[in-house]
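K.L.:
just need the structure, nothing else, for what follows:
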Amino acid sequence: MTTEKRYIRNENMLSPEENRRLREFRVAVAGCGGLGGYITEMLARLGIGHLTLIDGDVFEESNLNRQLISLPSNLGKPKAVEAGNRIKEVNPHISLDIKQVMLDSDNAADILKGHDAVCDALDNIKTRRVLEEVAGKLGIPMVFGAIAGWYAHIGSIMPGGRMIDKLYPEGAEKGAETKMGNPSFTPALAASLQVAETVKILLGKKGVLKNRILAVDTLEHKYEIIDI
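P.N.:
Okay, here's the model as predicted:
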């Protein structure tokens, strides 16, 4: 199988030059669970050249309803490692860096430096604040995503932007997902939109949700862009 043939279906949407450029980018994915599993898969299939996968958690039975990489056979195994194993099967041309750690203020700068974008697939607000702050200081765009039941929020935080503080009250640890749950389809939808945002940012395309939130209501099919 030739590398060029692998990505031929990206073309017309992307030019051959843009296809090749994707292989030069480094993208970090913070969290390899619900959102992160889908994000990682799609970035790898698109041909992003290097992925850094960050997650210190292991798969649990409650993950099986929605997390792409979660299987009965890998319960108890590290999410980041299993995500990396999946990507090696999906696209062996991708360079991987597996970080089996919880992202925090002590390690975030060392992990994120040198990346062109970071995708937020975290499940707690405290770490999102850290990610936003450190990514901003390093000049790295952050593609935000959050889900709860039928609903999703997606946005792009450019360096210097402070979207998380505007979305969540001070001291909040978890979002609405603790009350509304997380089905199988909302993570896949939100992750797809995050990957689209990431590609637009990397290639300098128009329409980026810069300091804006796309609010998605799949129950009543309402879609709204909100300035933050």
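
K.L.:
give the next helix or strand downstream of the worst-scoring helix or strand of the chain on mean pLDDT.
P.N.:
Counting by mean pLDDT, DSSP states H and E, the weakest-scoring helix or strand in the chain turns out to be helix 177-180, with a mean of 74. Next helix or strand after helix 177-180 toward the C-terminus (DSSP states H and E): helix 185-203.

K.L.:
for that next one, list the C-alpha coordinates in PDB.
P.N.:
Provided in PDB are the C-alpha atoms of helix 185-203 (Å, rounded to 0.1, in the frame of the first residue of the first chain):
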ATOM      1  CA  PHE A 185     -23.300   9.300  19.700                       C
ATOM      2  CA  THR A 186     -22.500  12.600  21.300                       C
ATOM      3  CA  PRO A 187     -18.800  11.900  21.800                       C
ATOM      4  CA  ALA A 188     -18.500  10.800  18.100                       C
ATOM      5  CA  LEU A 189     -20.200  14.000  16.900                       C
ATOM      6  CA  ALA A 190     -18.300  16.400  19.100                       C
ATOM      7  CA  ALA A 191     -15.000  14.700  18.200                       C
ATOM      8  CA  SER A 192     -15.700  15.000  14.500                       C
ATOM      9  CA  LEU A 193     -16.300  18.700  14.900                       C
ATOM     10  CA  GLN A 194     -13.100  19.100  17.000                       C
ATOM     11  CA  VAL A 195     -11.100  17.300  14.300                       C
ATOM     12  CA  ALA A 196     -12.600  19.600  11.600                       C
ATOM     13  CA  GLU A 197     -11.600  22.600  13.700                       C
ATOM     14  CA  THR A 198      -8.100  21.200  14.200                       C
ATOM     15  CA  VAL A 199      -7.600  20.700  10.400                       C
ATOM     16  CA  LYS A 200      -8.800  24.200   9.700                       C
ATOM     17  CA  ILE A 201      -6.400  25.700  12.200                       C
ATOM     18  CA  LEU A 202      -3.400  23.700  11.000                       C
ATOM     19  CA  LEU A 203      -4.000  24.600   7.300                       C
END
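
K.L.:
and that helix, what does it pack against?
P.N.:
helix 16-22, helix 34-46, strand 117-120, strand 142-148, strand 151-157, strand 212-217 (3 or more Cβ pairs under 8 Å, 6 or more residues apart in numbering; DSSP states H and E). For glycine as for every other residue, the C-beta is placed from the backbone atoms N, C-alpha and C.

K.L.:
tell me which other helices or strands the helix or strand that contains residue 28 touches.
P.N.:
Element membership for residue 28 (DSSP H and E) is strand 26-30. For strand 26-30, the packing partners by 3+ Cβ pairs under 8 Å, 6+ apart come out as helix 34-46, strand 50-54, strand 117-120.

K.L.:
show the average pLDDT along the first one.
P.N.:
Here helix 34-46 scores 98 as its mean pLDDT.

K.L.:
what sits up against that helix?
P.N.:
7, 10, 22, 27, 29-30, 32, 51, 53, 55, 63, 66-70, 79, 83, 86-87, 90-91, 94, 119-121, 123, 145, 147, 182, 187-188, 190-192, 194-195, 198-199 (Cβ atoms under 8 Å, 6 or more residues apart in numbering).
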